[in-house]
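A.B. asks: Sequence plus the predicted model coming up.
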Amino acid sequence: MSETSLPERLDVVAIAPHPDDLEILCGGTLAKLVKQGYKVGIFDLTSGEPTPRGTLETRQAEAEAARKILGVPLRVNIQLPNRVLMDGPENRFKLATAFRTYRPGIVIIAAGRTPAASPDHYQGHLIGEAARFYSQLTKWDDRFAGTTPYRVPHLVYVPYPFDAESRHWHSTFVVDISDTIDQKFEAIRAYASQFDEERFARLKHMVGSANGYNGARCGFRYGELFALPHPVGSPDLVATVYGSKPTTPPDIPVGKGHQPMG
Ligand SMILES: [Zn+2]
């Protein structure tokens, strides 16, 4: 495949096993990235079907509706098998081929083990890391549909909230999603086959609480937590510490500007 026949290069690609995972984990951030002008793609590793409540057709229609709600221009299904997703060479080749085709600058991988939910989640984490490594390998073009080797420069994790491990990430950061959280919930709601009224209400409570907690830790109303496999590199201590806050110290009256417990 020649360079000119390839699709436009993406700034950010987010990857998870099932359509609806990324909406729940980082839908607010994906919608925000689009608003900020970045080229964003979603890679679903599987169709997410079968499930007790869905069909292939309804799930595809729901994923497409959710994509539109978030404003993400591209959603690719890697067509690996749901429920029996396993890390292994063939699945790594397929995802790495998509990396070599879309050449993302940043890959966000849904990360962690979910002991009471699908084992696909952790396998997707492993496949994502391995495919990122494989994507750059030379002398193996036949395994990647003839695409050119491509090194994905940056890897970001978006951790599952019920990870079985207490992970000690090298560093974490929170993206302010206060202005996109409604879009996020609307996108999750698009999966009506998975979340009826009662299940959606429970999920909204859990996800909203987690986003409220993580946001509050950083001075935002709502935030989504991410992690890096290395420390945050900073060219500017002040900019890193202030983040999106004003770059001059705010004039907050003593006793008024802190959280009750922090
Ligand atoms: Zn899932």
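C.D. replies: Happy to help now that I have it. Numbering: from 1, shown residues only.

A.B. asks: burial count for the spatially closest residue to Gln60 that is not a sequence neighbour?
C.D. replies: Using Cβ to Cβ, 6 or more residues apart in numbering and skipping the chain neighbours, the partner closest in space to Gln60 is Ser47 (7.2 Å). (C-beta placed from N, C-alpha, C; glycine too.) Residues within reach of Ser47, counting by other Cβ atoms under 10 Å, total 20.

A.B. asks: Ser47 and Leu56 touch, don't they?
C.D. replies: Yes: at 5.8 Å, Ser47 and Leu56 qualify as touching, with contact defined as Cβ atoms under 8 Å.

A.B. asks: For the residue in the stretch 1-150 of the chain that the ion sits nearest to, which non-adjacent residue is spatially closest?
C.D. replies: Taking Cβ to the ion, the ion has its nearest neighbour within the stretch 1-150 of the chain at His18, 3.7 Å off. In this structure, His18 finds its nearest non-sequential neighbour in Gly48, 3.9 Å apart by Cβ to Cβ, 6+ apart.

A.B. asks: Ok, Ser234 next?
C.D. replies: Nearest non-adjacent residue to Ser234, counting by Cβ to Cβ, 6+ apart: Thr240, 4.2 Å away.

A.B. asks: Determine the three-state secondary structure at the residue nearest to His18.
C.D. replies: Secondary structure state of Gly48, per DSSP: H, G, I helix; E, B strand; the rest coil, is coil.

A.B. asks: Give me the neighbour count for it.
C.D. replies: 27.

A.B. asks: Whatever helix or strand Lys68 lives in - contacts with which helices or strands?
C.D. replies: For Lys68, the element it lies in under DSSP states H and E is helix 56-70. Other elements packing on helix 56-70 under the criterion 3 or more Cβ pairs under 8 Å, 6 or more residues apart in numbering; DSSP states H and E are helix 21-35, strand 74-77, helix 181-189.

A.B. asks: Distance from the longest one to the middle of the chain?
C.D. replies: What it means is helix 21-35. On the basis of Cα atoms, centre = their mean, to the nearest Å, helix 21-35 sits 7 Å off its chain's mean C-alpha point.

A.B. asks: CA atoms only: put the next helix or strand after that helix into CSV for me.
C.D. replies: Heading C-terminal from helix 21-35, the first helix or strand you meet, by DSSP H and E, is strand 40-44. Taking Å, rounded to 0.1, in the frame of the first residue of the first chain, the C-alpha atoms of strand 40-44 are listed here in CSV:
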residue,chain,number,x,y,z
VAL,A,40,-9.9,11.4,16.4
GLY,A,41,-10.8,7.7,15.7
ILE,A,42,-12.4,4.9,17.7
PHE,A,43,-11.2,1.3,17.2
ASP,A,44,-13.6,-1.3,18.5
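
A.B. asks: same question for strand 40-44, mean pLDDT?
C.D. replies: Strand 40-44 carries an average pLDDT of 98.

A.B. asks: Check whether that strand comes near the ion.
C.D. replies: No: residues of strand 40-44 contacting the ion under Cβ under 5 Å from the ion: none, with a closest distance of 9.9 Å.

A.B. asks: Now do that strand: which elements does it pack against?
C.D. replies: strand 12-16, helix 21-35, strand 74-77, helix 89-102.
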